[in-house]
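Trainee: here you go, sequence then predicted model.
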Amino acid sequence: MSRLIIVSNRLPFSVEKSGGDFILRQSSGGLVSALKSYLEKTSGEGKKFREHIWIGSVDFSPQIWKKVKDKTIKTSNFRVEPIYIEPDVYDSYYNGFSNSTLWPLFHYFPFLAEYDKEYYESYIQVNFLFAEKILSFAKKDDIIWVHDYQLMLVPQILRKKRPDLTIGFFLHIPFPSYEIFRLLPTSWKASVLQGMLGADLIGFHTHDYVQHFIQSAKMILRVDSQFNTIQYGKRLIKTELFPIGIDYEKFQDANANEDVLKLKDLVVEKLKYSKIIFSVDRLDYSKGLMFRLQGFEEFLETFPEWREKVIFALNIVPSRDAIPAYYKRKRDIEEKISTINGKFSTFHWQPINYRYNHLSFNELSAFYKAADVALITPLRDGMNLVAKEFVASRTERTGVLILSELTGAANELNEALLVNPTDSSEVAKAINDALTMPLHEQIERMSMMQERLKQYDVVRWVNDFLDQLDNIKQMQEKTSVRLLTSRQIKKILHDFEIASRRCILLDYDGTLTPFTNIPSKAEPSAEVLAVLDKLCSDERNEIVIISGRDTETLDKWLGHLPAHMVAEHGAFIKRKNSDWDQQSTVLPEWKDQIRPILQLFTTRCAGSFVEEKRNTLTWHYRNTNPDLGFIRSRELLNSLQQLTVNTSLQIIDGNKVLEIRMTGIDKGITATKLINMFRPDFILCMGDDTTDEDMFRTLEQMAVTIKVGNTASSAKYNLMSQEEVLPFLKQFVTSIKTEKPHAYS
Ligand code: GDG
């Protein structure tokens with residue numbers, strides 16, 4: 001059984017003096033609520049891990065820590081490993097780079113972001129401290145799960161030192177669009193992305209954040225990606241969405257708690273004239289408190305019939321009060337509250353009931369239960385757990401959630417009244433709609449949201465993440481890059497030498513020659529021709545150039561060699577010293593249907609072009625802006641897939657090309673045909689493209705298959721790059737014996 005190591009900026013508690021003793025006090029917050037709930041629920045019998053360890057920084061000294069007698073947080077059953085950081089370094093890392101650079105930028109407040117070198121250096125320093133702590137006890141089969149924007153460099157630091165580790169990373173805040181992310185200074189943004197890519201699995205709350213991350217990685221690091229997997233160096237990394245869940249039962253059960261019920265009655269009694277609108281947020285500009293107040297003010301203006309009949313219970317939780325962007329806003333918000341209260345209050349009614357403090361869990365649950373409407377309108381929020389907790393608390397299934405469409409939660413809570421938080425008229429109208437919503441509609445909406453939250457709760461969220469982490473590790477194992485060692489090359493050469501019939505199948509573009517921007521310029525060099533010529537000169541060798549090129553080009557460039565040639569991935573075969581033989585007789589009318597679509601995409605994507613061969617149509621996007629090219633290629637793929645369903649056409653998603661051709665023709669089928677003809681006792685097969693994977697798979701058992709390039713493949717071995725192909729093939733030339741070849745049996 002392995003151990004689960006959770007890594008987050010802070011440990012989930014602080015130390016307090018109680019009488020003569022120091023005791024642990026649990027802290028609150030999105031990440032802490034989620035992970036603690038998981039650990040509590042899964043620590044008993046049938047638990048998945050041998051041990052749970054939580055690593056995080058603390059704001060007390062090692063001397064104080066020694067004085068804490070009971071170091072286990074009740075019921076949670078995890079061990080803690082505190083990290084001590086010098087206060088000034090912590091301040092610059094946390095209040096500085098984390099919360100004055102990354103936080104505003106990632107929440108679309110670029111004008112608040114500060115780009116201070118010292119902050120960044122402290123961020124690096126603290127990320128190294130975390131990594132060192134992890135490395136001091138991490139074992140190979142541990143699962144390391146790093147959380148959030150304060151620790152984005154940690155995965156890469158760990159990976160460099162210990163390539164064998166299993167590392168997951170989860171970002172709890174939004175990953176912004178590339179246009180925002182790129183505002184980070186050049187080397188910082190590259191390091192942040194590289195840092196995250198040290199993980200095996202990178203999780204986000206929504207599909208948009210996943211796409212934004214992939215787009216930034218592609219534009220800045222030029223990585224290759226296929227759907228949600230990224231090829232980075234030799235590693236395959238998965239990015240995926242895992243919308244965080246809550247401890248659903250805990251909030252439902254709170255309704256049976258007597259203290260909660262008493263408190264709820266107290267709230268209702270205190271605010272007895274009215275319907276209750278409730279909100280609770282940390283004091284943070286991303287929560288849109290000023291806009292929310294404007295929305296409420298407009299509501300009172302536009303719907304005066306609600307005056308004296310509604311109370312807005314506004315709870316603001318102190319947060320990051322060392323940062324000017326935070327504490328300055330408090331004053332503005334409080335002024336606005338006074339203005340609204342001054343403007344609308346009557347002798348026995350005040351519209352806003354404001355509180356600036358932490359709520360206990362029971363108080364929070366009482367509010368969730370007492371409220372008629374929850375008004376949750378951040379300007380940006382990675383997810384927003386308060387919205388989910390409010391829904392989970394509604395045992396009667398009544399009540400209405402008004403939610404900002406700019407939160408991650410809006411993707412899952414479609415039945416809420418979704419609003420744009422900056423539009424005060426829309427917010428005002430939504431409040432009126434919520435207060436007048438018929439009961440049956442409230443129940444219908446609430447039930448649907450509850451069902452979803454119950455299904456995908458926090459335990460599911462963690463299990464899902466850990467399952468996917470396991471999954472990608474297995475995938476990496478299967479497709480791992482296996483660079484040829486000199487020992488293996490020796491063995492291959494030996495097998496080649498003793499074989500009496502050899503077949504060498506070589507792809508052309510990207511294997512024998514490097515890629516060029518203009519395909520017609522990729523003629524073979526004299527050196528390539530000399531090596532091929534020499535290989536062909538041994539009668540024991542059957543040399544096959546197996547390509548996607550058309551017959552004319554292959555004839556022009558290689559036609560003089562005594563080699564076999566395959567054009568258009570198998571649509572034409574030319575055995576040495578004979579003519580081209582067409583393998584399919586299907587009339588190519590289908591091209592008239594597909595060609596206009598490819599042409600349309602060519603006009604929509606500068607630098608792309610269509611190549612037409614007798615049996616195939618190819619859309620090339622190597623010379624385009626990588627990101628646009630990729631996006632367009634996915635759109636085109638989607639259109640073509642719909643068009644070709646139930647036809648005998650197939651679409652090949654190749655290396656910066658999309659190719660459409662008849663099914664039943666691919667390099668795998670063609671290679672098998674040729675092998676059956678030659679019956680060799682040694683087969684070497686080399687290629688670089690997706691289309692070569694067909695050969696690698698079909699010849700798996702009988703051939704030495706080599707993928708050119710250090711990316712994942714079904715081939716047995718990899719050569720690092722195209723430049724290594726010729727030196728590799730030359731070794732077969734020098735090993736060709738001059739003595740008379742063996743007679744074929
Ligand atoms: C980050 C992302 C993402 C709040 N006030 C009190 C209190 N809370 C608890 C709530 C909830 C949590 O704190 C707040 O979670 P949020 O999701 O709203 O926001 P962040 O803390 O900023 O969390 C966020 C989250 O990570 C998870 O991935 O959703 O987008 O910013 O659980 O109940 N709890 C108590 N008293 C309070 O006064 N007891």
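Mentor: Now that the structure is in, tell me what you want to look at.
Trainee: could you use CA atoms for every contact and neighbour count after this?
Mentor: Noted.
Trainee: quick check, central residue of this protein?
Mentor: Closest to where the C-alpha atoms of the chain average out (C-alpha atoms, centre = their mean) is T239, at 2.5 Å.
Trainee: tell me how many other residues crowd the spatially closest residue to that residue that is not a sequence neighbour.
Mentor: The shortest distance from T239 to any non-neighbouring residue, by C-alpha to C-alpha, 6 or more residues apart in numbering, is to I202 (4.7 Å). Applying other C-alpha atoms under 10 Å, we find 27 residues neighbouring I202.
Trainee: returning to that earlier point: can you tell me the strand partners of the helix or strand where the residue nearest to the centre of the chain lies and which way each runs?
Mentor: Under the criterion of DSSP states H and E, T239 resides in strand 235-241. Applying DSSP bridges to the sheet, strand 235-241 is found paired with strand 201-204 (parallel), strand 229-232 (antiparallel).
Trainee: from the chain's centroid, how far away is the helix or strand that comes right after that strand?
Mentor: Per DSSP H and E, strand 235-241 leads on to helix 248-253 as the next helix or strand towards the C-terminus. Distance of helix 248-253 from the chain centroid (C-alpha atoms, centre = their mean, to the nearest Å) equals 30 Å.
Trainee: following element in sequence after helix 248-253, please.
Mentor: helix 258-270.
Trainee: mind listing what's buried in that next one?
Mentor: V260, L261, L263, K264, D265, V267, V268 (16 or more other C-alpha atoms under 10 Å).
Trainee: how about the strands paired with strand 235-241, which one is nearest the ligand?
Mentor: strand 201-204 (9.0 Å; C-alpha to the nearest ligand atom).
Trainee: the helix or strand M475 falls within to strand 235-241, inter-axis angle?
Mentor: Element membership of M475 [criterion: DSSP H and E] is helix 458-479. Between helix 458-479 and strand 235-241, the angle comes out at 160 degrees (axes from the mean of the first three to the mean of the last three C-alpha atoms, to 10 degrees).
Trainee: the stretch 551-700 of the chain: strands as residue ranges?
Mentor: 564-567, 572-574, 580-582, 609-612, 616-620, 649-653, 657-662, 682-687 (DSSP state E, counting those that start in this stretch).
Trainee: partner strands of the fifth one and their direction?
Mentor: Right, the one you point to is strand 616-620. strand 609-612 (antiparallel), strand 657-662 (antiparallel).
Trainee: got a list of contacts for it?
Mentor: Strand 616-620 is contacted by residues 568, 591, 595, 598, 608-612, 656-662 when judged by C-alpha atoms under 8 Å, 6 or more residues apart in numbering.
Trainee: so for it, mean pLDDT?
Mentor: In this model, strand 616-620 has a mean pLDDT of 92.
Trainee: got it, and the last one?
Mentor: Strand 682-687 shows an average pLDDT of 97 in the prediction.
Trainee: can you pull the poorly scored residue ranges out of the chain?
Mentor: 28, 43-46, 72-76, 226-227, 273, 479-481, 584-588, 735-745 (pLDDT under 70).
Trainee: using the record's assignment, carve it into domains.
Mentor: Domain ranges of the chain: 3-82+124-241, 248-455, 498-516+523-582+667-735, 589-662, per automatic domain parsing.
Trainee: among these, which is nearest V462?
Mentor: domain 3-82+124-241 (7.3 Å; C-alpha to C-alpha).
Trainee: quick check: residues of this structure near the ligand?
Mentor: 28-31, 33, 172-173, 244, 280-281, 317, 358-361, 364, 381-386 (C-alpha under 6 Å from any ligand atom).
Trainee: buried only: go through those for me.
Mentor: By 16+ other C-alpha under 10 Å, the residues of the chain next to the ligand give 33, 172-173, 244, 280-281, 358, 364, 381-386 as buried.
Trainee: need the max-distance pair from the contacts of strand 616-620.
Mentor: Farthest pair in the contacts of strand 616-620 (C-alpha to C-alpha) is S608 and M662. Separation: 22.7 Å.
Trainee: who has more neighbours, the two?
Mentor: The residue with more neighbours, out of S608 and M662, is S608; 23 against 18, by other C-alpha under 10 Å.
Trainee: tell me the contacts of the more buried one?
Mentor: T602, W619, H620, Y621, R622, N623, T624, G629.
Trainee: any idea how far the nearest residue to F22 once chain neighbours are set aside lies from I631?
Mentor: Nearest-residue entry for F22: V68, 5.0 Å, with adjacent residues in sequence omitted and distances by C-alpha to C-alpha, 6+ apart. For V68, the distance to I631 (C-alpha to C-alpha, to the nearest Å) stands at 55 Å.
Trainee: so the two - more neighbours on which side?
Mentor: The neighbour comparison of V68 against I631 (other C-alpha under 10 Å) goes to V68, with 16 against 13.
Trainee: so who does the more buried one touch?
Mentor: V68 sits in contact with D21, F22, I23, L24, where contact means C-alpha under 8 Å, 6+ apart.
Trainee: return the backbone torsion pair for it.
Mentor: phi -80, psi 120 (degrees, to the nearest 10).
Trainee: can you tell me how far it sits from A530?
Mentor: Taking C-alpha to C-alpha, one finds V68 at 77 Å from A530.
Trainee: circling back to that earlier point, just say which of the strands paired with strand 235-241 is most tucked in.
Mentor: Greatest average neighbour count among these goes to strand 201-204 (a mean of 26), per mean count of other C-alpha atoms under 10 Å.
Trainee: and the next element down the chain from that strand?
Mentor: In N-to-C order, the element after strand 201-204 by DSSP H and E is helix 207-221.
Trainee: other SSEs contacting that following helix?
Mentor: helix 178-181, helix 186-196, strand 224-226, strand 235-241, helix 626-644 (3 or more C-alpha pairs under 8 Å, 6 or more residues apart in numbering; DSSP states H and E).
Trainee: re earlier: redo the buried residues of helix 258-270 as a markdown table? Include distance to F572.
Mentor: Formatted as a markdown table, those follow (distance: C-alpha to C-alpha, whole Å):
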| residue | distance to F572 |
| --- | --- |
| V260 | 78 |
| L261 | 79 |
| L263 | 81 |
| K264 | 79 |
| D265 | 82 |
| V267 | 81 |
| V268 | 82 |
